[in-house]
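Asker: Sequence first, then the predicted structure:
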Amino acid sequence: MIEAGVERAGTVERQLILAALWFVAAVLATSALSLLVLVILPYDSFRTAAGDGAFGAGGRQHGKAWRVFKNVLGSILLLIGAILSIPLIPGPGFLIAAAGILLVDFPGRARMLHKLLRPNVLRSINTLRHAFAQEPLRID
């Protein structure tokens, strides 16, 4: 009977260690994804009107296929960001959701992004971009 209790305690301990490792892996993976998005983001992505620039609607350059792909990818990022924003779930959900908002086309998107990128947030992002030798983000 004592052996069964010791064996069960060992199983619970292994499960806790595995859960902790998954937690750390999720935080590292989503942080790396957020860092990548912030570093490769074009510096003028918040200055361009819808339809212009690398993450704009695409217009004549990319056609409708690019616009559909961009909106689907943005929707997926928004969903992942919303899930990661739930308390006790690891990861920078806010940053992933912001990347999704940047990709999805909807009325008022530019105005909402300008509100999200308050001066202190923009300063932090630009400090990070400077560390990777990228131009600072510019806002109208």
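Answerer: Ah, there it is.
Asker: avg pLDDT for the one helix or strand residue 18 maps to?
Answerer: Under the criterion of DSSP states H and E, residue 18 resides in helix 2-40. The pLDDT scores in helix 2-40 average 80.
Asker: Can you point out the buried residues in that helix?
Answerer: Across helix 2-40, burial judged by 16 or more other Cβ atoms under 10 Å covers 30, 33-34, 37-38. To be clear about C-beta, it is placed using only N, CA and C from the backbone, and glycine gets the same treatment.
Asker: With distance to residue 105 added, can I get these in CSV?
Answerer: As requested, the buried residues of helix 2-40 are exported to CSV (distance: Cβ to Cβ, whole Å):
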residue, distance to residue 105
30, 24
33, 22
34, 22
37, 18
38, 21
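Asker: Kindly provide the distance from the residue nearest in space to the middle of the chain to residue 41.
Answerer: By Cα atoms, centre = their mean, the chain has its centre lying nearest to residue 96, at 1.7 Å. Counting by Cβ to Cβ, to the nearest Å, the gap from residue 96 to residue 41 is 13 Å.
Asker: Then residue 125?
Answerer: 9 Å.
Asker: Need the overlap of contacts for the two.
Answerer: residue 137 (Cβ atoms under 8 Å, 6 or more residues apart in numbering).
Asker: Return the member of the buried residues of helix 2-40 nearest to residue 18.
Answerer: The shortest approach to residue 18 among these belongs to residue 30, at 18.6 Å (Cβ to Cβ).
Asker: Touching, that closest one and residue 96? I think so.
Answerer: Yes - between residue 30 and residue 96 there is a contact under Cβ atoms under 8 Å: 6.6 Å.
Asker: Identify the contacts common to those two.
Answerer: Common neighbours of residue 30 and residue 96 (Cβ under 8 Å, 6+ apart) are residue 84.
Asker: Okay, now the unreliable bits of this structure?
Answerer: 1-9, 47-62, 89-91, 140 (pLDDT under 70).
Asker: name the element residue 137 belongs to?
Answerer: Per DSSP H and E, there is no helix or strand for residue 137.
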